[in-house]
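J.: Whatever this is, show me its structure:
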Amino acid sequence: MTGSRALLVGDVIDDIIVVPSGPIRPDTDTTSRITRQPGGSAANTAAWLGWLGAGVDFVGRVGAGDADRHARELAAAGVAAHLHEDPDRPTGTIVILVEGQQRSMLTDRGANATLDPSQVTDALLATAGILHLTGYSLVDALSARALRELVDRAHAQGASVSLDPSSTGFIADYGVAAFRSAISGVDVLRPNLDEGRLLAGLDAGAPPALVAEALLDLAPAVVLTCGAAGVTIAERRAGEGARVASLDAERVPTVDPTGAGDSFTAGFLAARLAGADLAHAAREGQRVAAIAVSRIGGRPPRA
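T.: Model prediction:
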C-alpha cells in the first residue's frame, strides 16, 4: 500500500426511508415516519470514512443539476466528491421500507447505471491506499472487463482493492457464476452472510465459518458480516492454510439497520488504512456500525 487515502467508486442515491408505525394496512393509510436523505452504498461508506477522519475521494454519477447538492452533502462529512452529471437519467432513488430488523428496497438505479470507469483517473489512484467498489456498479455500469481493468490499474499503483457484493437480488440477476468470475482478483471480499452463501454455492443453513473459508477461492481475505451473530473473518497467506475466526457482535438497540453494512465497511477500511490486521479492522467496523444503527438513515451524524 503506497497511498494514504481511500478511493470509493460507485452508487450515490436519494433515499426515501419509510418506518411504519405498525403493520401496513392494504388499501388504506398507515401512519409512518418518512425521511429523505442522500444515500447509496458507496457514497454512504465514503461519508462514514470521512466522518472517521480518513482521507477519502468518491467518484459517482448523478442526474443533471444534482452534482452540487450531493457534493455538498459529502463535503460536510469530509469527502472530496468527483461527481459527473448524466443529461438524460435522474439521480438514483431507493424507497426503503423498514420493518423492525427487516428492510425492503424499491430501487431505481438512475444515473448510476452510466458510471464511466474512465472517471477514475490515474491521479486519484496514485493517492489511494485502498480502492473500494460495490457489486451494484457491476450489475449495470461496469462490465466484467472494465472492472478487471480498474482492479489492475489500482494494483499497478500499489492500492489494494475491496469489494462489497451488495445485493443477493442483483447477484442472482447477473448470474452467480458470472459475478464470481468478474470479482475474482480483489484483495478483500466483504459480503453479508446471505450474499456469501449465494456466492459460495452453499445452502441457507451453511455456517459462517464454512462460507467464509469457501470464499477464499475468490479473494485472499474475506470479512463476512452476520448481523446479530457477529463477523467471521478468513484469510489465506502464501504457504499457509486458511485461518478463520469469529467475532461476537455487541448487542445494541437498532433504530434503523439501513446504514449497518456501509458504516461497518467504513470502520473496517479506516482501520486497514491505518495498518490494522483483519481482526482489529473488523472490530472497528462493528464499533462504527453500532453507531449507525442507532439512528435513521445510512449517513453519519453531522459535525
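J.: For the spatially closest residue to residue 148 that is not a sequence neighbour, which three-state class applies?
T.: Of all residues not flanking residue 148 in the chain, residue 185 sits nearest, at 6.7 Å (Cβ to Cβ, 6 or more residues apart in numbering). For the C-beta atoms, the positions are set from N, CA and C on the backbone; glycine is no exception. Classification of residue 185 into helix, strand or coil gives coil, according to DSSP: H, G, I helix; E, B strand; the rest coil.
J.: and residue 185, how many neighbours does it have?
T.: 15 (other Cβ atoms under 10 Å).
J.: Let me see the ranges of the helices in the stretch 201-303 of the chain.
T.: Counting by DSSP state H, counting those that start in this stretch, the stretch 201-303 of the chain has these helices, from start to end: 208-214, 260-273, 278-292.
J.: After the host helix or strand of residue 47, which helix or strand is next?
T.: When elements are defined using DSSP states H and E, residue 47 is found to belong to helix 41-51. From helix 41-51 onward toward the C-terminus, using DSSP H and E, the following helix or strand is strand 56-63.
J.: name the helices or strands packed onto the helix or strand just after that following strand?
T.: Beyond strand 56-63 on the C-terminal side, the first helix or strand identified by DSSP H and E is helix 67-76. Helices and strands touching helix 67-76, as assessed by 3 or more Cβ pairs under 8 Å, 6 or more residues apart in numbering; DSSP states H and E, comprise strand 32-39, helix 41-51, strand 56-63, strand 79-86.
J.: coming back round to it: what would the helix holding residue 47 look like as CSV? C-alpha coordinates only.
T.: As requested, the backbone C-alpha atoms of helix 41-51 are provided in CSV (Å, rounded to 0.1, in the frame of the first residue of the first chain):
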residue,chain,number,x,y,z
SER,A,41,-23.8,2.2,-0.6
ALA,A,42,-20.5,3.5,-1.9
ALA,A,43,-21.4,7.1,-1.1
ASN,A,44,-22.6,6.2,2.4
THR,A,45,-19.3,4.3,3.1
ALA,A,46,-17.3,7.3,1.9
ALA,A,47,-19.3,9.6,4.2
TRP,A,48,-18.6,7.4,7.2
LEU,A,49,-14.9,7.2,6.3
GLY,A,50,-14.7,11.0,6.1
TRP,A,51,-16.6,11.3,9.4
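J.: other SSEs contacting it?
T.: strand 5-9, strand 56-63, helix 67-76, strand 79-86, strand 128-134, helix 135-140, helix 260-273.
J.: Please state the offset of the longest one from the chain centre?
T.: The reference is to helix 260-273. Relative to the chain's own centre, helix 260-273 is displaced by 9 Å; criterion: Cα atoms, centre = their mean, to the nearest Å.
J.: and it, what does it pack onto?
T.: Secondary structure elements in contact with helix 260-273, counted by 3+ Cβ pairs under 8 Å, 6+ apart, are strand 5-9, helix 41-51, strand 128-134, strand 160-164, strand 221-225, helix 278-292.
J.: Is the residue nearest to residue 148 in contact with residue 151, as I believe?
T.: Yes: using Cβ atoms under 8 Å, residue 185 is in contact with residue 151, at 5.3 Å.
J.: thinking again about what came up before, so which of the helices and strands packed on helix 41-51 is nearest residue 224?
T.: Closest of the helices and strands packed on helix 41-51 to residue 224 is helix 260-273, at 11.2 Å (criterion: Cβ to Cβ).
J.: Tell me where the chain is predicted with low confidence.
T.: Per-residue confidence for the chain (pLDDT under 70) gives these ranges: 1-2, 303.
J.: Now with 80, please.
T.: 1-2, 100-101, 238-240, 256-259, 296-297, 302-303 (pLDDT under 80).
J.: Okay, the nearest residue to residue 157 once chain neighbours are set aside and residue 148: tell me how far apart.
T.: Nearest residue to residue 157, sequence neighbours excluded (Cβ to Cβ, 6+ apart): residue 125, at 4.4 Å. Taking Cβ to Cβ, to the nearest Å as the criterion, residue 125 is separated from residue 148 by 15 Å.
J.: The two: who's more crowded?
T.: Neighbour count, other Cβ under 10 Å: between residue 125 and residue 148, residue 125 has more, with 20 against 16.
J.: Any chance of the backbone angles for the residue nearest to residue 148?
T.: Phi and psi for residue 185, reported as degrees, to the nearest 10, are phi 120, psi -10.
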